[in-house]
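J.: When you get a sec, could you give me coordinates for this:
(3 chains)
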Amino acid sequence: MAQVFPPAANSAARASLLGAMALPVLLTMAGMALTRSSYNTHVNVAIEQPIPFSHEHHATELGIDCRYCHTSVEKSAFAGIPPTHTCMSCHSQIWTNSPLLEPLRESYRKGIPLKWNRVNKLPEFVYFNHSIHVNRGINCNNCHGPIEKMNLTAKGKPFFMSWCLECHRNPEGYLRKPGTALDIYREGQSNLPHKLDPDDERLLYDQDYKPSAERVEKGKELMEYYHIKKDQLTDCWVCHR
Amino acid sequence: MQNHGAEKFIGGKQTFESITTKIESVVIDQRKKHPLEWYVVFGIAFGLLQVLMLAVTYLIVRGTGIWGINIPVGWGFAIINFVWWIGIGHAGTLISAILLLMRQQWRNSINRFAEAMTLFAVMCAGIFPLIHTGRPWVAYWLMPIGPNILGMWPQFRSPLVWDVFAVTTYITVSALFWFVGLIPDFGTMRDRAKPKWLKYLFGTLAMGWRGSNQHWFRYESAYLILAGLSTPLVLSVHTIVSFDFAISIVPGWHTTIFPPYFVAGAIYAGFAMVLLLAIPIRAWYGLKDLITMKHIDWMAKFMLGTGMVVFYGYLTEAFYGYYSGNKYEMFMIHNRMTGPYAPLYWSLIVCNGLTPQILWSQRMRHSIPVVFAVSVIVSIGMWLERFIIVVTSLHRDFMPSAWGMYTPTIWDWATFLGTIGLFTFLMFLFVRFVPMINIFEMKDLLHKQEGHAISGRKEHVVVEAASAHE
Amino acid sequence: MHDHDEQPHNLDSMRSKLQGKDGAQYWRSLEELAGTDEFQRFVDDEFPHRATLLELDRRQFLTLMGSSLALAGLTGCRILPQDKIVPYVKAPEEVIAGKPLTYATAISLGGYAHGVLVESHEGRPTKIEGNPGHPASLGATNAFMQAAMHTLYDPDRARAITNVAVASTWDDFLAATSKALEGQTASKGAGIRLLTETVTSPTLAAQIREFLTKYPNAEWHQYDTSSADNVKAGARLALGSPVNVVYKFDKAARVLSLDSDFLMTMPGSVRYARDFTNGRRVRKGTREINRLYAIESMPTLTGALADHRLPAKSSDIEAIAYSIAQGLGIDVGSSAPTTKLAPPWIAAAVKDLNAHPGESLVVPGEQQPPSVHALCHAINEKLGAVGKTVVYTEPVEAEAVEHVASLNDLLADIHAGHVQALFILGGSNPAFTAPADFAFADTLRRVRFKVYHGIYADETAALCDWHVPDTHFLEAWSDARAFDGTASIVQPLIEPLYVSKSAHEVMAALNDKPLPGYDILRESWKALGGAGDFDTWWRKTLYQGFVDGSAAKEVQATIQGSLASRLPQPVSAGSGLEINFRLDPTLGDGRWANNAWLQELPKPVTKLVWDNAAIMSPATATELKLCPADRPDQATGSMVELSLGNRKLKMPVYILPGHAANSVTVHVGYGRTKTGLVGADHGFNPYPLRTSAAPWFSGGLKVSPTGEKYDLLSTHYHNSIEMLDRELARVRTIEDFIKNPKLTEPDEEENPPEYDTLFREPDTYRDWEGAKWGMSIDLQTCIGCNACVVACQAENNIPTVGKDQVSRGREMHWIRIDRYFKGKDLENPQVVFQPVPCMHCERAPCEPVCPVAATTHSHEGLNQMVYNRCVGTRYCSNNCPYKVRRFNFLNYANHHDVNELGQEAAPLKLLNNPNVTVRSRGVMEKCSYCVQRINAARIEAKKDRRNIKDGEVVTACEQACPTQAIIFGDIADANSRVSKAKRQDHDYTLLADLNTRPRTTYMAKIRNPNPEISTE
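T.: The predicted model follows:
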């Protein structure tokens, strides 16, 4: 009797079989790619701010220490956002008429705080503590990317849990001697030929820094010095409670 | 090629023609009037399906708190129903796979909708593990999808993760098995379908089936392989489901008898359900000649057999409870028999242990109402069994200060009845749109039964029938 | 000190908005008002300090996150609004954003100060803890002190000054007041009355006296249900003056309590509990512990701790006191009544007391008549206790009057029409609490100008023309004195949330010296003698939380002449049914009714929540035909009608083994009508049965079954739980302990059996080098007071779920106090309390069953529960033999901006501890050993490269415990307190045979029965 389908249908059928197998794989991969894309992570996507504050200008060009504004970064979980008064300690003297700074002056006059748009946000159930990291010599850039080079501030890293774990599983390469966490900026901003070893240079300028073998070796001693118990760093309740 | 005694598996005077017509006319000729019962039951089922939708939506919005569960009884209807439905599925696989391997020809007339039943039962079962979680939207964490951005994997020591694998494998294989079995019949339907769109529909489903010897050869081997694959599943799935309990330390759960006892229970419940479906359908669609008394008789025997195993399970549970000398186990059994849920325990014993005993008598096995009634009672009994296992073990465990009671809420019932609705709904669509009995296998069976008695007879030789003898 | 620089700038606009509304609408649309953006801003970023926005939005946990997590970031932040960071304009010096500050202050309960330390996050107080430096508490707390924090953020507090329920302003109020007072100047204030609660505040007293000097004919009355009238009367009767009685339990070896619950209900109870249990601790080699006899009607915590407890009707106590006095050879006159109650028991007790001169003590209950107190003074004197185990000091109260009498005078004056202006200060809510025969409400109507000053718009506020909301003690400056007289400055941590004035500010206004509270306090303490340079003194005093050397002076007082002649004719104990009135153990006189934490806190002995009941013994219930003789428990929940004369009240029955026969105890405090969402319409109000003649107990009670049933909720599913064959709470006698310190049964292994396993894994948690956290709970000193339960709730953001959810078995407390009855005698069983938090098992059954590894083990031995990973299968809870896990069946904390109790979630968000995640629905939770405190300590320790010191991490429950029954610490450190505790022979493991290896272990309860008294 008459066939319903032309012979070509056979190859179509075979193809669709292949497709059926390939599709889930492709979809999963696409999903993963999307998740990791800056569309989702906002990495390097600068956010509109009431005042176009430039870290590059203040940190690199003027060489102001991070801690001048982020005062509690070594003491508290929270790095600290400078109160209007801190900004005014300079800007009552310089750029006093700059229209860009009007919101700042208004805040100072009226005693109404500035409302910055949040750039780096962790979920409410993640308890990150700046002080312990900085006290271990973990440099800002490890998590914030080349922040000292940012004209408008943007997220430097995706802040995925798996990303946190990279370091919490092998912290060696990221440690520095006590109190030296922020030294590289001083070197970085000096116009003289600086003395930064290649690792530091990459940490300073590269988007994603991976420590070199020798840096990891050095780190091993620091692990001893700091009494860092590697296993413990991946206990859930170190970050979640 | 065994001959099953005097009684035939195909009654009346049948020809290939008559068989084909009997079965596929239900599907092909949609203008043909369907029995009123079909519409009534289908209507009810559809209504219940809506209840399910409502219950699940409200659950997602509000949380599992709308159910009766609490601390200490963290699992309630959801898990009870899950185990119950999964169990029901098993008979289907058993009939289609194991009996096939054992060359039990008589299975031919019931395997198709037994398999369908499996699929739909597993679908119903599958709903519960998902919605019983507090946060269904992250339930996918139970599956090893990754490498993910959390850097976390499921915890493979947990039986719940094994469940995920067991159940997904089960439903995949069952679906394949069912579909492959349908291919030749789709061929038939395609050839006999009148409207073009129907031809195309069945044509696509038949995947270019022409019934050539090569086709038959490949078909047979594929079907056997799948049967071989499903056979261990009959044992594995419910074994793993039973681990959900056996792995824990809860008195009444922590016991080694669970795997065999669960599997037996599953098949028990499954056959009850097959009968529950077969009896009305054969009546409504005049298939008494294809699903004969003998089928019913044999399935009743199966129920009796597995029923005895299950009953033995109950006795062992009680025995070891006391024999263990463990004060918690002893109390648990004592609490089951005399505690607040004792009535349910004893009705369970009556339903599953005593009722089937009447099936010893052939007269009873041959009385449709009796067999039907027994099937209903057994289905209820099996549900009660799961209730007793889940609830009575949890509600009074180690610390008297933490004891509690479990009372289902309206939403528990809504979800449960809802899935029954879903199941019936699908089942009825199936008998309406898919040949509910395996046409070519019936012809094969008919040929083997009648031998060459029918070969002289003038027949309308359908393509695949001719080649069915290889 | 708290800084006042940051005046929330639109707090005023909020106020004006509140005030602007006309009353009727105001009441109807409170929620609507609260819903406005203005309120949101006011709550979210206006207050308390800018930077806390970071912390604040940590509050709104997974309601959003849940769904965004669903797609694991696929949707990313896009479905979330852009978050803001709001810095200070000018950072206050002492605040380091993200670091809490602690301030010393004091809370006054029943007028008496209890020293506390309060934790504040960027100006937002979140947690109250005991002040270890404070002599009156030694750092101990009770449930009320812990729960007081909830009242601060209670959305149902009065939010505006109202004039006949119409929102008004402070100025209008002042105007109205001065008008009312003007009329009084002529008569020197003859028409003015002040009604306060017990006043120990030197400043307030001074202010009142100043007012009274200005209006010499005005009068000051005091009324407070909890006031100890009988104690004062008794002292006056026996010693001639209303001295303040202070017990020294640390010196007492033998104590007899005559219907007194000195562990719970006295102003000094927290300190008493500590002192008394110190004399009971059992350690290696202990051979002697103190002994407690209790004779009481309603089983109390004191009775539960007693080595010998004798149930007796309250009216029998007087006769018993007499016979004890006689037993000691005190002349009590010829007409002394005698008791037929257990003579050998009493004789033995007396003998025992007598055998410890100077170390024994008899403590009468506040609700016992003056004669009993007088007799006890005589007895204690005879026992040589005075000056040793009991000392007399000058009164701590500013004016030690008897309150019932005082209120009576006031009402008499009102009836006589002498009163034109009445100022009711301090939220004692007399309209609800006054004795029924006073008909306070009706009488009050006769006063022309009525002002009520209380924190809630309650029953009394509704009757007064003016309601000036009181401030919470954390909102305003004040002072108060503790039971021993030690004075504390009450310093606020926060600007008033709503329009409210402290009592001092009100009095200042009446004295027309309108000063802010801060100045008022400084002025008065300059006068009261800040020694040396005032500012240094002031700072030091605020810093340490109490005034040095301010304890009341001891006075010598002895029985004046023949006591017998002065003793009133004893009331003969009737044989019929008797009713006891007691303050509710969690709601007090009713003032805590709107405190969700206290409503849901199981009553210490009955474990009832959200309700009160007519408590009686099984025997009495059977006699009253409320139940079949063999099933007394069935009587629980059946409604009865209590009738006292012509006063009637319908109430459900609760059967409590150990309650005195022919006696029914009802707790006042429930049945509030006007208080707020949480407090109103729960339980039953027995005040209408309570008369000034018989405020504490009265005979002639009739109980008739109504046939109705009522759903009484006890968190203990069984009405009375026995342990079956499982020895969960281990109880032995001191002899047993001396014979066999391990206290093991002959047939039981001494230690958790170490089963071998086919699957050998390295023992990670035992081999771990570093801190290993563990806890030891001493059943011997646990008095079951519930302080730990509330402390835990406050520290860990544990939601309250309401009566309905509790009835479904879904209470959320991370630590529960199990209560077991022991012994054959249903009429007088022993009671054992056992706190059960998460055991943190080294081989935790919950861990292997979680499909997503949401509960795992930390190397330091904590059983970690990760909320954000939990999918909510509840398998872990099923597999937990201790059933200590709690599940968020619904979104209890915040479901569409409303919590499970229907209160606005917004103000309550401020209550949350920013270092603990607020759980959404669908996740499991449980005790974490206060991991946030451990982590904080670890980080600090690691910064200076040292180990965490013992005592550096103190869990909330440990901190709160008045008797130090809970010890937490590092078991790897052999010298830590917890290691020492766990090394005790009588340390044992709960359900050891399951080999779960808990890090939490128990020390058995060791009773010290008198060999001369047979038990059972």
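J.: okay, residue 75: pLDDT?
T.: Reading this off chain A. With respect to pLDDT, residue A:75 has a value of 91.
J.: please go with chain C instead
T.: For residue C:75, pLDDT reads 33.
J.: what's the answer for residue B:94, then?
T.: With respect to pLDDT, residue B:94 scores 82.
J.: tell me the contacts of the closest residue to residue C:900 other than its chain neighbours?
T.: Sequence neighbours aside, residue C:892 is the residue nearest to residue C:900 in space, at 4.3 Å (criterion: C-beta to C-beta, 6 or more residues apart in numbering or on different chains). Yep, even glycine has a C-beta here, placed from its N, CA and C like the rest. Residues in contact with residue C:892 (C-beta atoms under 8 Å, 6 or more residues apart in numbering or on different chains) are C:799-801, C:805, C:812, C:899-900, C:921.
J.: if we take those, which one ends up nearest to chain B?
T.: residue C:921 (4.2 Å; C-beta to the nearest C-beta).
J.: Would you agree that closest one falls within a strand?
T.: No - counting by DSSP: H, G, I helix; E, B strand; the rest coil, residue C:921 is not part of a strand but coil.
J.: Looks like it contacts residue C:890 (just checking).
T.: Yes - counting by C-beta atoms under 8 Å, residue C:921 touches residue C:890, with 5.3 Å between them.
J.: okay, and the common contacts of these two?
T.: Residues touching both residue C:921 and residue C:890 (C-beta under 8 Å, 6+ apart): B:63, B:65.
J.: What separation is there between residue C:994 and residue A:83?
T.: Applying C-beta to C-beta, to the nearest Å, the value for residue C:994 to residue A:83 is 56 Å.
J.: more crowded one of these two?
T.: Between residue C:994 and residue A:83, counted using other C-beta atoms under 10 Å in any protein chain shown, residue A:83 has the larger neighbour count: 23 against 20.
J.: Give me the spatial nearest neighbour of the more buried one, chain neighbours excluded.
T.: In space, residue A:83 is closest to residue C:88, 3.9 Å off (C-beta to C-beta, 6+ apart).
J.: now that neighbour, what's its secondary structure?
T.: coil.
J.: give me phi/psi at it?
T.: phi -70, psi 160 (degrees, to the nearest 10).
J.: and the closest residue to residue A:176 other than its chain neighbours, how many neighbours?
T.: In this structure, residue A:176 finds its nearest non-sequential neighbour in residue A:137, 2.9 Å apart by C-beta to C-beta, 6+ apart. Residues near residue A:137, counting by other C-beta under 10 Å, number 19.
J.: Retrieve the pLDDT associated with residue A:137.
T.: Residue A:137 is given a pLDDT of 91.
J.: doesn't residue A:183 make contact with it?
T.: No - Residue A:137 is not in contact with residue A:183 according to C-beta under 8 Å; the separation is 9.3 Å.
J.: what sits in contact with each of those two?
T.: residue A:176.
J.: what's the spatially most central residue of chain A in contact with, if anything?
T.: Central residue of chain A (C-alpha atoms, centre = their mean): residue A:144, 2.5 Å from the mean position. By C-beta under 8 Å, 6+ apart, the contact list for residue A:144 reads A:120, A:156-157.
J.: secondary structure class for residue 108?
T.: You didn't pick a chain, so chain A it is. Residue A:108 - assigned by three-state DSSP - is helix.
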